[in-house]
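> Here is my input, please return the structure:
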Amino acid sequence: MPKQAYSLSRPTSQTSSVVFASPHSGCDYPEWFLRRTLLNAHTIRSSEDAFVDRLFQSVPRFGSPFLVAGAPRAFVDFNRSSDELDPALIQGLRRRPITPRVASGLGVIPRVVANGRAIYNGKLVQEEANHRIETYWRPYHNRLQSLLDETCATFGRAILIDCHSMPHEALDTLVRTGVPRPDVVLGDRFGASADSYIVEEIESAFALEGLRVSRNAPFAGAYVTQHYGRPVRKQHAIQIEIDRSLYMDEARIEPRADFGAFQLLIDRVIKHIIEIGKPRQEMAAE
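Numbering: from 1, shown residues only. Okay, the predicted model is just below:
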(Lines give C-alpha, C1' and ligand atoms only; values in the text may rest on other atoms or scores of the structure.)
Protein backbone atom coordinates (compact mmCIF):
# COMPACT_ATOMS: atom_id res chain seq x y z
CA MET A 1 0.00 0.00 0.00
CA PRO A 2 1.13 3.65 -0.37
CA LYS A 3 3.23 4.57 2.65
CA GLN A 4 1.05 7.39 3.98
CA ALA A 5 -2.30 9.09 3.54
CA TYR A 6 -0.77 12.56 3.49
CA SER A 7 2.19 14.70 4.43
CA LEU A 8 1.79 18.03 6.18
CA SER A 9 4.38 20.80 6.09
CA ARG A 10 3.77 23.54 8.64
CA PRO A 11 5.38 26.95 8.99
CA THR A 12 7.25 27.78 12.17
CA SER A 13 4.36 30.12 12.88
CA GLN A 14 1.21 30.35 10.77
CA THR A 15 0.75 34.02 9.90
CA SER A 16 -2.12 33.81 7.41
CA SER A 17 -5.61 32.36 7.08
CA VAL A 18 -4.60 30.70 3.80
CA VAL A 19 -4.17 26.90 3.69
CA PHE A 20 -2.73 25.12 0.65
CA ALA A 21 -3.41 21.51 -0.40
CA SER A 22 -2.43 19.24 -3.28
CA PRO A 23 -4.72 16.19 -3.60
CA HIS A 24 -3.37 14.81 -6.90
CA SER A 25 0.45 14.98 -6.79
CA GLY A 26 0.99 11.68 -4.95
CA CYS A 27 3.29 9.31 -6.86
CA ASP A 28 3.75 6.35 -4.50
CA TYR A 29 2.67 3.43 -6.70
CA PRO A 30 3.12 0.09 -4.88
CA GLU A 31 4.68 -2.72 -6.90
CA TRP A 32 1.63 -4.95 -6.37
CA PHE A 33 -0.61 -2.22 -7.76
CA LEU A 34 1.58 -1.79 -10.85
CA ARG A 35 1.50 -5.54 -11.41
CA ARG A 36 -2.27 -5.53 -11.17
CA THR A 37 -2.99 -2.66 -13.54
CA LEU A 38 -3.30 -3.01 -17.31
CA LEU A 39 -1.13 0.10 -17.68
CA ASN A 40 2.63 0.46 -17.53
CA ALA A 41 4.38 2.49 -14.84
CA HIS A 42 4.49 5.54 -17.11
CA THR A 43 0.90 5.58 -18.39
CA ILE A 44 -0.59 5.07 -14.93
CA ARG A 45 0.80 8.51 -14.05
CA SER A 46 -1.14 10.35 -16.77
CA SER A 47 -3.86 11.57 -14.37
CA GLU A 48 -1.33 12.66 -11.76
CA ASP A 49 -0.67 16.35 -11.08
CA ALA A 50 3.03 15.63 -11.34
CA PHE A 51 5.40 18.01 -9.51
CA VAL A 52 2.66 20.28 -8.16
CA ASP A 53 3.89 19.44 -4.67
CA ARG A 54 7.35 20.68 -5.73
CA LEU A 55 5.95 23.85 -7.29
CA PHE A 56 4.27 24.80 -4.01
CA GLN A 57 6.85 23.44 -1.57
CA SER A 58 7.82 26.93 -0.38
CA VAL A 59 4.36 27.56 1.11
CA PRO A 60 5.42 26.98 4.76
CA ARG A 61 8.34 29.39 4.33
CA PHE A 62 5.84 32.17 3.67
CA GLY A 63 3.65 31.35 6.67
CA SER A 64 0.97 28.83 5.63
CA PRO A 65 0.53 25.05 5.98
CA PHE A 66 0.71 22.75 2.94
CA LEU A 67 -1.11 19.40 2.89
CA VAL A 68 -0.15 16.86 0.21
CA ALA A 69 -1.98 13.59 -0.48
CA GLY A 70 0.27 10.55 -0.22
CA ALA A 71 -1.58 8.08 -2.43
CA PRO A 72 -1.71 8.62 -6.21
CA ARG A 73 -4.91 9.67 -7.94
CA ALA A 74 -5.14 6.41 -9.91
CA PHE A 75 -5.32 4.57 -6.57
CA VAL A 76 -7.80 6.84 -4.75
CA ASP A 77 -9.06 10.27 -5.78
CA PHE A 78 -9.09 12.77 -2.92
CA ASN A 79 -11.06 15.26 -5.03
CA ARG A 80 -14.14 13.05 -5.05
CA SER A 81 -16.77 12.33 -2.43
CA SER A 82 -16.26 9.06 -0.56
CA ASP A 83 -19.61 7.82 -1.89
CA GLU A 84 -18.76 8.42 -5.56
CA LEU A 85 -18.32 4.69 -6.11
CA ASP A 86 -18.42 3.21 -9.60
CA PRO A 87 -20.65 0.14 -10.11
CA ALA A 88 -18.80 -0.59 -13.35
CA LEU A 89 -15.65 -1.17 -11.26
CA ILE A 90 -16.77 -2.24 -7.79
CA GLN A 91 -18.72 -5.42 -7.18
CA GLY A 92 -21.91 -5.56 -5.14
CA LEU A 93 -22.80 -1.89 -4.92
CA ARG A 94 -26.36 -1.06 -4.05
CA ARG A 95 -28.16 0.98 -6.66
CA ARG A 96 -27.48 4.67 -6.18
CA PRO A 97 -27.48 7.89 -8.23
CA ILE A 98 -24.39 8.11 -10.47
CA THR A 99 -22.65 11.44 -10.94
CA PRO A 100 -21.18 12.41 -14.35
CA ARG A 101 -17.70 11.91 -12.85
CA VAL A 102 -18.50 8.34 -11.84
CA ALA A 103 -20.12 7.64 -15.20
CA SER A 104 -16.89 8.69 -16.94
CA GLY A 105 -14.85 6.31 -14.76
CA LEU A 106 -13.45 9.01 -12.47
CA GLY A 107 -15.02 8.17 -9.13
CA VAL A 108 -13.28 8.05 -5.76
CA ILE A 109 -11.69 4.75 -6.87
CA PRO A 110 -10.96 5.56 -10.54
CA ARG A 111 -11.69 3.05 -13.27
CA VAL A 112 -9.69 4.96 -15.90
CA VAL A 113 -6.82 7.41 -16.21
CA ALA A 114 -6.49 10.26 -18.73
CA ASN A 115 -8.10 9.71 -22.14
CA GLY A 116 -10.31 6.95 -20.77
CA ARG A 117 -7.62 4.27 -20.51
CA ALA A 118 -8.78 1.41 -18.25
CA ILE A 119 -6.75 0.78 -15.10
CA TYR A 120 -7.99 -2.76 -14.36
CA ASN A 121 -9.09 -5.89 -16.12
CA GLY A 122 -12.24 -6.76 -14.20
CA LYS A 123 -13.79 -5.50 -10.99
CA LEU A 124 -12.64 -4.81 -7.42
CA VAL A 125 -14.37 -6.17 -4.35
CA GLN A 126 -16.16 -3.56 -2.28
CA GLU A 127 -14.00 -4.32 0.76
CA GLU A 128 -10.91 -3.14 -1.12
CA ALA A 129 -12.59 0.11 -2.13
CA ASN A 130 -13.70 0.69 1.46
CA HIS A 131 -10.19 -0.02 2.73
CA ARG A 132 -8.65 2.59 0.44
CA ILE A 133 -11.21 5.16 1.52
CA GLU A 134 -10.77 4.48 5.24
CA THR A 135 -6.96 4.22 5.07
CA TYR A 136 -6.19 7.16 2.77
CA TRP A 137 -9.18 9.31 1.78
CA ARG A 138 -10.67 9.78 5.23
CA PRO A 139 -7.45 10.65 7.12
CA TYR A 140 -6.57 13.21 4.44
CA HIS A 141 -9.94 14.93 4.64
CA ASN A 142 -10.06 14.76 8.43
CA ARG A 143 -6.70 16.51 8.53
CA LEU A 144 -7.74 19.08 5.96
CA GLN A 145 -10.88 19.96 7.90
CA SER A 146 -8.94 20.20 11.15
CA LEU A 147 -6.47 22.60 9.49
CA LEU A 148 -9.34 24.77 8.30
CA ASP A 149 -10.98 24.65 11.74
CA GLU A 150 -7.72 25.62 13.47
CA THR A 151 -7.19 28.42 10.99
CA CYS A 152 -10.74 29.75 11.44
CA ALA A 153 -10.30 29.70 15.21
CA THR A 154 -7.08 31.72 14.94
CA PHE A 155 -7.86 34.16 12.12
CA GLY A 156 -11.64 34.28 11.96
CA ARG A 157 -11.74 32.66 8.53
CA ALA A 158 -9.93 30.13 6.34
CA ILE A 159 -9.04 30.27 2.64
CA LEU A 160 -8.26 26.90 1.05
CA ILE A 161 -6.13 26.93 -2.10
CA ASP A 162 -6.56 23.56 -3.82
CA CYS A 163 -3.55 23.15 -6.13
CA HIS A 164 -3.81 21.23 -9.40
CA SER A 165 -2.33 21.04 -12.89
CA MET A 166 -4.13 20.50 -16.20
CA PRO A 167 -3.03 18.88 -19.45
CA HIS A 168 -2.26 21.44 -22.15
CA GLU A 169 -4.69 19.63 -24.45
CA ALA A 170 -7.54 20.14 -21.98
CA LEU A 171 -7.78 23.72 -23.19
CA ASP A 172 -7.97 22.91 -26.91
CA THR A 173 -11.76 23.24 -26.92
CA LEU A 174 -11.48 26.81 -25.63
CA VAL A 175 -9.00 27.70 -28.35
CA ARG A 176 -11.34 26.34 -31.02
CA THR A 177 -14.06 28.71 -29.84
CA GLY A 178 -11.74 31.67 -30.22
CA VAL A 179 -11.09 32.18 -26.51
CA PRO A 180 -7.41 32.88 -25.72
CA ARG A 181 -5.75 29.89 -24.08
CA PRO A 182 -5.39 30.48 -20.32
CA ASP A 183 -2.26 29.49 -18.41
CA VAL A 184 -4.21 29.21 -15.17
CA VAL A 185 -7.86 28.38 -14.48
CA LEU A 186 -9.37 29.40 -11.15
CA GLY A 187 -12.41 27.46 -9.98
CA ASP A 188 -14.80 28.87 -7.40
CA ARG A 189 -17.96 26.99 -8.42
CA PHE A 190 -19.11 30.12 -10.27
CA GLY A 191 -18.89 32.21 -7.13
CA ALA A 192 -20.40 29.68 -4.72
CA SER A 193 -17.21 28.55 -2.94
CA ALA A 194 -15.41 31.84 -2.22
CA ASP A 195 -16.00 35.57 -1.93
CA SER A 196 -15.30 37.34 -5.20
CA TYR A 197 -12.67 39.75 -3.84
CA ILE A 198 -10.51 36.79 -2.73
CA VAL A 199 -10.69 35.23 -6.20
CA GLU A 200 -9.90 38.62 -7.75
CA GLU A 201 -6.77 38.91 -5.60
CA ILE A 202 -5.64 35.42 -6.58
CA GLU A 203 -6.22 36.21 -10.24
CA SER A 204 -4.18 39.38 -9.81
CA ALA A 205 -1.31 37.39 -8.24
CA PHE A 206 -0.96 35.27 -11.38
CA ALA A 207 -1.64 38.13 -13.81
CA LEU A 208 1.15 40.22 -12.26
CA GLU A 209 3.52 37.41 -13.29
CA GLY A 210 2.37 37.61 -16.90
CA LEU A 211 0.09 34.56 -16.81
CA ARG A 212 -3.29 34.56 -18.54
CA VAL A 213 -6.06 33.58 -16.13
CA SER A 214 -9.63 32.40 -16.70
CA ARG A 215 -12.34 31.38 -14.26
CA ASN A 216 -14.43 28.21 -14.10
CA ALA A 217 -13.87 27.11 -17.71
CA PRO A 218 -13.18 24.32 -18.27
CA PHE A 219 -12.65 23.61 -14.54
CA ALA A 220 -14.99 25.08 -11.93
CA GLY A 221 -13.84 22.87 -9.06
CA ALA A 222 -14.94 19.42 -7.95
CA TYR A 223 -15.57 17.82 -4.55
CA VAL A 224 -13.02 19.84 -2.57
CA THR A 225 -14.30 23.27 -3.56
CA GLN A 226 -17.91 22.10 -3.38
CA HIS A 227 -17.51 20.57 0.08
CA TYR A 228 -15.17 23.05 1.77
CA GLY A 229 -16.27 26.28 0.10
CA ARG A 230 -18.66 27.80 2.65
CA PRO A 231 -18.27 31.60 2.43
CA VAL A 232 -21.19 32.22 4.83
CA ARG A 233 -19.16 30.30 7.44
CA LYS A 234 -15.98 32.26 6.60
CA GLN A 235 -14.52 29.17 4.91
CA HIS A 236 -13.51 29.77 1.30
CA ALA A 237 -12.15 27.30 -1.27
CA ILE A 238 -10.56 28.06 -4.63
CA GLN A 239 -9.17 25.53 -7.09
CA ILE A 240 -6.07 26.45 -9.08
CA GLU A 241 -5.27 24.61 -12.33
CA ILE A 242 -1.89 25.35 -13.95
CA ASP A 243 -1.07 24.33 -17.52
CA ARG A 244 1.43 21.49 -17.16
CA SER A 245 3.30 22.45 -20.31
CA LEU A 246 4.56 25.58 -18.51
CA TYR A 247 6.81 23.56 -16.24
CA MET A 248 7.04 19.94 -17.43
CA ASP A 249 7.45 17.71 -20.46
CA GLU A 250 4.01 16.09 -20.41
CA ALA A 251 4.92 13.14 -22.62
CA ARG A 252 7.98 12.19 -20.56
CA ILE A 253 6.54 13.33 -17.20
CA GLU A 254 9.73 15.19 -16.40
CA PRO A 255 10.36 18.76 -15.23
CA ARG A 256 11.41 21.16 -17.97
CA ALA A 257 14.94 22.55 -17.95
CA ASP A 258 13.54 25.88 -16.75
CA PHE A 259 11.45 24.32 -13.96
CA GLY A 260 13.42 26.26 -11.34
CA ALA A 261 12.58 29.60 -12.95
CA PHE A 262 8.88 28.75 -13.04
CA GLN A 263 9.08 27.59 -9.43
CA LEU A 264 10.42 31.03 -8.47
CA LEU A 265 7.49 32.62 -10.29
CA ILE A 266 5.09 30.44 -8.30
CA ASP A 267 6.94 31.45 -5.11
CA ARG A 268 6.01 35.07 -5.83
CA VAL A 269 2.40 34.06 -6.49
CA ILE A 270 2.32 32.10 -3.21
CA LYS A 271 3.65 35.07 -1.27
CA HIS A 272 0.99 37.33 -2.80
CA ILE A 273 -1.83 34.87 -2.02
CA ILE A 274 -0.68 34.36 1.56
CA GLU A 275 -0.70 38.14 2.06
CA ILE A 276 -4.45 38.07 1.31
CA GLY A 277 -5.02 36.12 4.50
CA LYS A 278 -2.87 38.14 6.88
CA PRO A 279 -4.80 39.92 9.65
CA ARG A 280 -4.19 43.44 8.38
CA GLN A 281 -5.66 42.41 5.02
CA GLU A 282 -8.66 40.85 6.70
CA MET A 283 -9.40 44.06 8.63
CA ALA A 284 -9.04 46.11 5.46
CA ALA A 285 -11.44 43.80 3.61
CA GLU A 286 -14.07 44.08 6.34
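
> from here on, contacts and neighbour counts on C-alpha atoms
Will do.

> For residue 45, give me the backbone phi and psi.
Note on residue 45: backbone dihedrals following degrees, to the nearest 10 are phi -90, psi 0.

> And it, how far from residue 171?
As defined by Cα to Cα, to the nearest Å, residue 45 lies at a distance of 20 Å from residue 171.

> now the strands for the stretch 1-150 of the chain?
For the stretch 1-150 of the chain, the strands defined by DSSP state E, counting those that start in this stretch occupy 6-9, 18-22, 66-69.

> Report the separation between the residue nearest to residue 88 when sequence neighbours are not counted and residue 92.
With Cα to Cα, 6 or more residues apart in numbering as the criterion, residue 88 has its nearest non-adjacent residue at 7.4 Å, and that residue is residue 123. For residue 123, the distance to residue 92 equals 10 Å [Cα to Cα].

> Where does pLDDT dip in the chain?
For the chain, applying pLDDT under 70 flags the ranges 174-176, 280-286.

> So the residue nearest to residue 88 sits against residue 89, correct?
Yes: assessed by Cα atoms under 8 Å, residue 123 is found in contact with residue 89 at 4.7 Å.

> More neighbours: which of those two?
Comparing residue 123 with residue 89 by neighbour count (other Cα atoms under 10 Å), the higher total belongs to residue 89, at 24 against 13.

> Relative to residue 48, how far out is that one?
Relative to residue 48, and taking Cα to Cα, residue 89 is found at 20 Å.

> can you check residue 71 too?
10 Å.

> Next: residue 145.
Taking Cα to Cα as the measure, residue 145 falls 23 Å from residue 48.

> Between the two, tell me which one has more neighbours.
Taking other Cα under 10 Å, residue 145 and residue 48 do not tie; residue 48 has more neighbours (23 against 13).

> Now do the contacts for the more buried one.
Shown in contact with residue 48 (Cα atoms under 8 Å, 6 or more residues apart in numbering): 24, 25, 26, 27, 72, 73, 74.
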